[in-house]
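Student: Predicted structure and sequence below. I'll ask about it afterward.
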Number of protein chains: 2
Amino acid sequence: MISRVLAADVGRHVGERIRIAGWVHRRRELKSVTFVLVRDRTGIVQVVGVGNLPDGVTEETPVEVVGSVVDSSRAPGGCEVVDAEFTLLSERAVPGPFDLYRPTVTATLPTVLDNASVALRHPLLRARFEVASASVAGFRSVLDGLGFVETHTPKIVSSATESGATVFGIDYFGRRAYLAQSPQFYKQALVGVFERVYEVGPVFRAEPHDTARHLAQYTSLDAELGFVTDHRDVMEVLREVVAGMAGAAARLVPDAVPMVPERIPEIHFQDAQEWLARETDDDPRGEPDLAPAHERALADWAWRTHGSEFLFVTGYPMAKRPFYTHPDPERPGYSNSFDLLFRGVELVTGGQRLHRHGDYLAALRDSGADPGTYRDYLDVFSHGMPPHGGFALGLERWTARLLGLGNVRWAALFPRDLHRLTP
Amino acid sequence: MISRVLAADVGRHVGERIRIAGWVHRRRELKSVTFVLVRDRTGIVQVVGVGNLPDGVTEETPVEVVGSVVDSSRAPGGCEVVDAEFTLLSERAVPGPFDLYRPTVTATLPTVLDNASVALRHPLLRARFEVASASVAGFRSVLDGLGFVETHTPKIVSSATESGATVFGIDYFGRRAYLAQSPQFYKQALVGVFERVYEVGPVFRAEPHDTARHLAQYTSLDAELGFVTDHRDVMEVLREVVAGMAGAAARLVPDAVPMVPERIPEIHFQDAQEWLARETDDDPRGEPDLAPAHERALADWAWRTHGSEFLFVTGYPMAKRPFYTHPDPERPGYSNSFDLLFRGVELVTGGQRLHRHGDYLAALRDSGADPGTYRDYLDVFSHGMPPHGGFALGLERWTARLLGLGNVRWAALFPRDLHRLTP
């Protein structure tokens, strides 16, 4: 059997008899001739004349076509296949819930999600996930180059440590266990082993609200590194990572991808509040966090004054950061932490962590928490941990923001949320 | 501040004053001089004379050292650091449960697992996970080169589809849900979207037995591809993948890594049983599966006759394969499936899957299962799926077998099993 030629390569076989395989993307019957568009993972090939294509073959049916390639200025890719012999590779397909061959997606989000396995075949929807995949490759490539080790940590944990309110419970051989909300504690412990670690994996949040920004499972890109001076070393690595992700995505969607400045502009939380009080109708001073409208106003400022779609906000108040956050030794009440805003939305959260056992005990005491709950977590800090920090970036949020998708569910293959557990 | 030099690079700075950082690996007091070995992620540096190192500083305490590099034939790496000024980067460390500086690991598996965060710092234990990380990079690199797309699929699913007996239940916003035992159904559906997909992620098995081979969570390397002729196309891709993983691991542990033959030897299940009946004391003919002793005997045969540590066993009886397995059209009762044995143990399971909706309905009817349970899964097959197949490889099993570790728990950072839910 002659080997398969992919759609993207058909143009290199003009004058030859080739074999292609894919799905019937579109069957168009004109007065004098029938066109069949065959779609594979690399593109679309126009087949002219139906040859032996059985009657009633529907769009989405998988087929194999042997035919001859000829130049054609009217066909996609500048060539088409003639003298075709078709073989059906499966049963006639039941058409999807909307026309996959139309250039735009005519279905609503719920229709796409309910029928994801077939809806995602639409080239525009499929392409989003190719961008996500490339972005993750960019993430790894940068960190591999910086001496990070990839890890795989438990998703089943014994206590709901990070934020008790939004955790899924599991029956674990008759014991109570939980789905991990982040690899936070493991990646910190592993700094003691590898110094620099990253993980790409699912995290689980039992978010009881239904928003365009939250998923019950998402893919977290986590990194953590030791022997830092403070959070600024983490921000430098993050800048490289984001540039690597953008660069990898740019090979697929050059127009969608932002320039990542050599130095991402930054503003301290306190200065941000003062700027907001001065420049907007709001006076958020004294609030412990930024509201979404504040983030958007600051992002506008970064764009206008620095031409950057990225902005670091640093030094968030300790009161709003998790107990493992390292305080700013110069500014009481503020922390060595940061958020990275991208196009007006928080994309990454990170910072320096506490590394001394005594500091953890004090922080938990101050927060009123029971150190017993955290015993497994705290133990490693008695065994000698260097100053360290890290960050976490939600893949679906990155993809959605990069491609201008209004709802993060557009960037998840099979999203999970308050109401959705299938498909 | 002068920038940090890693242990592996110190030899390039003879005659210079440098800064290193790491853990006190060993403090050795001799009659006339004290040596401090400082360990970082790249190796160990000998510091001669304690300089200002505070009294009582214990092994595993993180330190920074500024000192001068001199040639020394007696030191690891051929050089050492003198005139040292120490800075402690944290509190004095509580020593671990065994001496991390000894060349071998003197602790038992339970001790290592109970104290993983500190025990894994032992260079021999740490190295295993660097091999695992490199192997995964090799897996991805091969598949990226073959046009596969990386995916991230749900780990929370609505029904215990693949094997009801060993599934963890979750409380999902008041509904019953389950942890995914594999991405099987998703990767098949996504063949319809991307043709070729892979996933590296956690899978969950509520294995109620405590063996050296099973974990409740492990890292599954899954791949699936469409437009195959049969399982042989899948085996060809798998051969490339295993060669890529071995090649990546060989850069770290050249002696441990097997040669992967251009063509991995193979034997049909039926022929394997006949060979076993003829050549061993056992007569397994009529059994639907191979026992571990049979796998070892066959692996010995492959090694003696083909010089291969890998062996494909093909054509397992349909009775022992999951309902989505494609039958062998030539041999009734047998399937287009395979296992890949590595050093006498099953490493990979794979095969061609059913792709016609009608075949799924018939297979489920024959198995006595309720097609209603599988509705979400089956739906995609009515929308036109090409012939396809794939495989799954357990990362921990690969690492354990590659490095000769008798228990798969040695190859998991923080293993989960019937009895172990922490750390």
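Tutor: Sure, I can see it.

Student: Now stretch A:259-276: buried residues?
Tutor: Buried residues in stretch A:259-276, defined by neighbour count with 16 or more other Cβ atoms under 10 Å in any protein chain shown: A:260, A:264, A:265, A:266, A:267, A:268, A:269, A:270, A:272, A:273, A:276. No exception for glycine: its C-beta is placed from N, CA and C like everyone else's.

Student: swap in stretch A:353-371?
Tutor: Under the neighbour-count criterion of 16+ other Cβ under 10 Å, stretch A:353-371 has A:353, A:354, A:355, A:356, A:357, A:359, A:360, A:361, A:363, A:364 buried.

Student: Dump the residues you listed into JSON lines; add distance to chain B and pLDDT as well.
Tutor: Supplementary listing: the buried residues of stretch A:353-371 in JSON lines, determined by distance: Cβ to the nearest Cβ, whole Å; pLDDT from 0 to 100:
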{"residue": "A:353", "distance to chain B": "12", "pLDDT": "98"}
{"residue": "A:354", "distance to chain B": "10", "pLDDT": "98"}
{"residue": "A:355", "distance to chain B": "6", "pLDDT": "98"}
{"residue": "A:356", "distance to chain B": "5", "pLDDT": "98"}
{"residue": "A:357", "distance to chain B": "6", "pLDDT": "96"}
{"residue": "A:359", "distance to chain B": "9", "pLDDT": "97"}
{"residue": "A:360", "distance to chain B": "11", "pLDDT": "95"}
{"residue": "A:361", "distance to chain B": "11", "pLDDT": "94"}
{"residue": "A:363", "distance to chain B": "15", "pLDDT": "93"}
{"residue": "A:364", "distance to chain B": "16", "pLDDT": "91"}
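
Student: Among the buried residues of stretch A:259-276, which lie within strands?
Tutor: A:266, A:267, A:268 (DSSP state E).

Student: Turn those residues into CSV, columns for pLDDT and distance to residue B:144.
Tutor: Converted to CSV, those look like this (pLDDT from 0 to 100; distance: Cβ to Cβ, whole Å):
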residue, pLDDT, distance to residue B:144
A:266, 97, 34
A:267, 98, 38
A:268, 98, 41
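
Student: A helix includes residue A:143, no?
Tutor: Yes: secondary structure of residue A:143, determined by DSSP: H, G, I helix; E, B strand; the rest coil: located in a helix.

Student: Who are the contact partners of the closest residue to it other than its chain neighbours?
Tutor: When the adjacent residues along the chain are set aside, residue A:143 lies closest to residue A:198, with 4.8 Å between them (Cβ to Cβ, 6 or more residues apart in numbering or on different chains). Taking Cβ atoms under 8 Å, 6 or more residues apart in numbering or on different chains as the definition of contact, the neighbours of residue A:198 are A:139, A:140, A:143, A:148, A:149, A:150, A:151, A:187, A:221, A:222, A:223, A:224.

Student: correct me, but residue A:168 touches residue B:175?
Tutor: No: using Cβ atoms under 8 Å, residue A:168 is not in contact with residue B:175; the gap is 11.2 Å.

Student: which of these two has more neighbours?
Tutor: Set side by side, residue A:168 and residue B:175 give different neighbour counts by other Cβ atoms under 10 Å in any protein chain shown, the larger being at residue A:168 (22 against 10).

Student: For the more buried one, give its distance to residue B:271.
Tutor: Residue A:168 sits 48 Å away from residue B:271, going by Cβ to Cβ, to the nearest Å.

Student: Briefly note if stretch A:151-162 comes near chain B.
Tutor: Yes: figure legend: stretch A:151-162 in contact with chain B (Cβ under 8 Å from any Cβ of the partner chain); contacting residues A:151, A:152, A:153, A:154, A:155, A:156, A:157, A:158.

Student: What is the neighbour count of the first one?
Tutor: Using other Cβ under 10 Å as the criterion, residue A:151 is surrounded by 24 other residues.

Student: now do the last one
Tutor: Using other Cβ under 10 Å, residue A:158 is surrounded by 18 other residues.

Student: swap in the second one?
Tutor: Per other Cβ under 10 Å, the neighbour tally for residue A:152 reads 25.

Student: now do residue A:32
Tutor: By other Cβ under 10 Å, the residues close to residue A:32 number 5.

Student: Distance of residue A:404 relative to chain B?
Tutor: 21 Å (Cβ to the nearest Cβ, to the nearest Å).

Student: Reformat the ones in strands among the buried residues of stretch A:259-276 as a markdown table; add distance to chain B.
Tutor: Converted to a markdown table, those look like this (distance: Cβ to the nearest Cβ, whole Å):
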| residue | distance to chain B |
| --- | --- |
| A:266 | 21 |
| A:267 | 25 |
| A:268 | 23 |
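
Student: So what does residue A:69 have for phi and psi?
Tutor: The phi and psi values for residue A:69, taken as degrees, to the nearest 10, are phi -90, psi 130.

Student: so what's residue A:112 up against?
Tutor: Contacts of residue A:112 by Cβ under 8 Å, 6+ apart are A:105, A:119, A:120, A:125, A:410.

Student: make it 10 Å
Tutor: By Cβ atoms under 10 Å, 6 or more residues apart in numbering or on different chains, the residues touching residue A:112 are A:96, A:97, A:98, A:105, A:118, A:119, A:120, A:122, A:125, A:409, A:410.

Student: what does residue A:56 give?
Tutor: If you count contacts by Cβ under 10 Å, 6+ apart, residue A:56 has them with A:27, A:92.

Student: Could you look up the SS state of residue A:202?
Tutor: Following three-state DSSP, the label given to residue A:202 is strand.

Student: So residue A:59 is in contact with residue A:99, correct?
Tutor: Yes: here residue A:59 reaches residue A:99: they are 7.9 Å apart, a contact under Cβ atoms under 10 Å.

Student: Buried subset of the contacts of residue A:112 as a ChimeraX selection?
Tutor: In ChimeraX syntax, the buried subset of these is picked out as below (16+ other Cβ under 10 Å):
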select /A:96,98,105,118,119,120,122,125,409,410
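
Student: Which two among the contacts of residue A:112 are spaced furthest apart?
Tutor: Greatest spatial distance in these: A:96 and A:409, 18.3 Å, computed using Cβ to Cβ.

Student: okay, residue A:162: pLDDT?
Tutor: According to the per-residue confidence, residue A:162 scores 62 in pLDDT.

Student: Kindly report the same for the one 4 residues further on.
Tutor: In this model, residue A:166 is scored at 88, pLDDT.

Student: Contacts only, for it.
Tutor: If you count contacts by Cβ under 10 Å, 6+ apart, residue A:166 has them with A:160, A:181, A:204, A:205, A:206, A:207, A:208, A:209, A:214, A:216.

Student: give the contact list for residue A:139.
Tutor: Residue A:139 is in contact with A:198, A:200, A:221, A:223, A:241, A:242, A:244, A:245, A:248, A:393, A:395, A:398, counting by Cβ under 10 Å, 6+ apart.

Student: Would you mind measuring from residue A:60 to residue A:368?
Tutor: 58 Å.

Student: where does the nearest residue to residue A:89 once chain neighbours are set aside fall, phi/psi-wise?
Tutor: Spatially, and ignoring its direct neighbours in sequence, residue A:89 is nearest to residue A:62 (4.0 Å; Cβ to Cβ, 6+ apart). Main-chain torsions, residue A:62, degrees, to the nearest 10: phi -80, psi 130.

Student: still on that earlier bit, closest to residue B:386 out of the buried residues of stretch A:259-276?
Tutor: For residue B:386, the closest of these turns out to be residue A:260, at 39.3 Å, with distances computed as Cβ to Cβ.

Student: just checking, that closest one touches residue A:243?
Tutor: Yes: shown here, residue A:260 and residue A:243 form a contact pair, counting by Cβ under 10 Å, at 4.2 Å.

Student: and for those two, which residues touch both?
Tutor: With contacts taken as Cβ under 10 Å, 6+ apart, residue A:260 and residue A:243 have residue A:310 as neighbours in common.

Student: re earlier: so which of the contacts of residue A:198 wins on neighbours?
Tutor: With neighbours taken as other Cβ under 10 Å, the top of the contacts of residue A:198 is residue A:224, carrying 30 neighbours.

Student: is it true that it lies in a strand?
Tutor: Yes: for residue A:224, which was evaluated using three-state DSSP, the result is membership in a strand.
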